[in-house]
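# pasting the sequence and the predicted model now:
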Amino acid sequence: MRAAVITYPGSNCDRDLAVAFEQAGFEVARVWHKDSDLPEGLDVVGLPGGFSFGDYLRCGAIAARSPITRAVIAHAERGGYVLGICNGFQVLTETGLLPGALMRNAGLKFVCKPVDLTVATADSAFTSGYEAGQAITIPVAHHDGNYQIDDEGLAKLKGEDRIAFRYAQNPNGARDDIAGVLSENRRVLGLMPHPERAADAAHGGTDGAAMFRSLAGIMATA
Amino acid sequence: MKATVHVMLKQGVLDPQGEAVRHALGALGFDGVDSVRQGKVIELELAATDKAKAEAEVKEMCEKLLANTVIESYRVEIA
């Protein structure tokens, strides 16, 4: 099982994400944003949290147009798995691989704390290790996590069971309490909370580990 | 040739920053500010000499990078 974690200038959760993949049994390649190709035979690409390109213009906007991201889009279009966390989620919405946009938190404050989430669907490689409706606790750390989507887009997400996680207490004004969404083929997940920061007992919680374990389980049997 | 791009949040998209500015203005005693919307102005110096061509190119820049058309609208001025 092979994973790649992309590092953009300003990414700061790339190492943690690589460790979480490794602990679940993945062989992890670290890939720099100026590379234009991903390693061969990849199962999943992780886009980490941080402040790529200093959040200039819009969060994730410049990273979404960088050379390696073109390769990530091609990987997704071939049916490859992509996991975007926090800034990685912002990058995925900027590429158009996921619908909607992440705007400034409604309270205008940077929110950095563990939050309670509800697993909204167990029907994906990322969430099959959870039960639908399960309550989990995972940290958030963001200034721009206010997920917005138009009525039509929201109806589509709901109709296709593509909302992956919801906040129990909405920390940022996100529409319909949405914390994470899946692509149409359910192989691209973007979420604001940081499962890689709740993947080891030393983190103070391990509710995020099931995401990496369930991905590894799907890859191992594929 | 100079292009000026105005990027604003679309109507109906909540602008928390504009709302905070409106509150701050109220706190300073500026009553009667019904709403504040905050956007961006981007200035570009272009080598192009053909106005129509420059405008078309800047619009393409807006679609591809300068604006996120999911939530933002843009307006291009060429001078």
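Looks like it came in fine. Residues are numbered from 1 along each chain as shown, chains lettered A, B, ... in the order given.

# for the chain, just list every one of the helices.
Just so you know, I chose chain A. In chain A, helices defined by DSSP state H lie at A:14-23, A:67-77, A:87-95, A:151-159, A:209-221, listed in chain order.

# ah, I was thinking of chain B
Counting by DSSP H, the segments of chain B that form helices are B:16-27, B:51-61.

# of all these, which one is nearest A:Lys158?
A:Lys158 lies closest to helix B:16-27 among the helices of chain B, at 24.5 Å (C-beta to C-beta). Placement of C-beta: from N, CA and C, glycine included.

# one step back: looking at the helices of chain A, spot the one closest to chain B.
Distances from chain B to each of the helices of chain A were compared using C-beta to the nearest C-beta; the shortest belongs to helix A:87-95, at 6.7 Å.

# run the chain-centre distance for that closest one.
In this view, helix A:87-95 has its centroid 8 Å away from the chain centroid, taken as C-alpha atoms, centre = their mean, to the nearest Å.

# so is it next to chain B?
Yes. Applying C-beta under 8 Å from any C-beta of the partner chain, one finds helix A:87-95 touching chain B at A:93-94.

# please identify the most buried of the helices of chain A.
Looking across the helices of chain A with neighbours counted as mean count of other C-beta atoms under 10 Å in any protein chain shown, the highest average goes to helix A:87-95: a mean of 28.

# so what's the residue in chain A positioned nearest to chain B up against?
Across chain A, the shortest distance to chain B (C-beta to the nearest C-beta) belongs to A:Ala101, at 4.6 Å. In this structure, A:Ala101 makes contact with A:93, A:147-149, B:68, B:70-71, judged by C-beta atoms under 8 Å, 6 or more residues apart in numbering or on different chains.

# try 6 Å this time
Listed by C-beta atoms under 6 Å, 6 or more residues apart in numbering or on different chains, the contact set of A:Ala101 reads A:93, A:148, B:68, B:70-71.

# what about the nearest residue to B:Thr69 once chain neighbours are set aside, neighbour count?
Counting by C-beta to C-beta, 6 or more residues apart in numbering or on different chains, B:Thr69 lies nearest to B:Glu63, which is 6.6 Å off, once chain neighbours are set aside. By other C-beta atoms under 10 Å in any protein chain shown, the residues close to B:Glu63 number 11.
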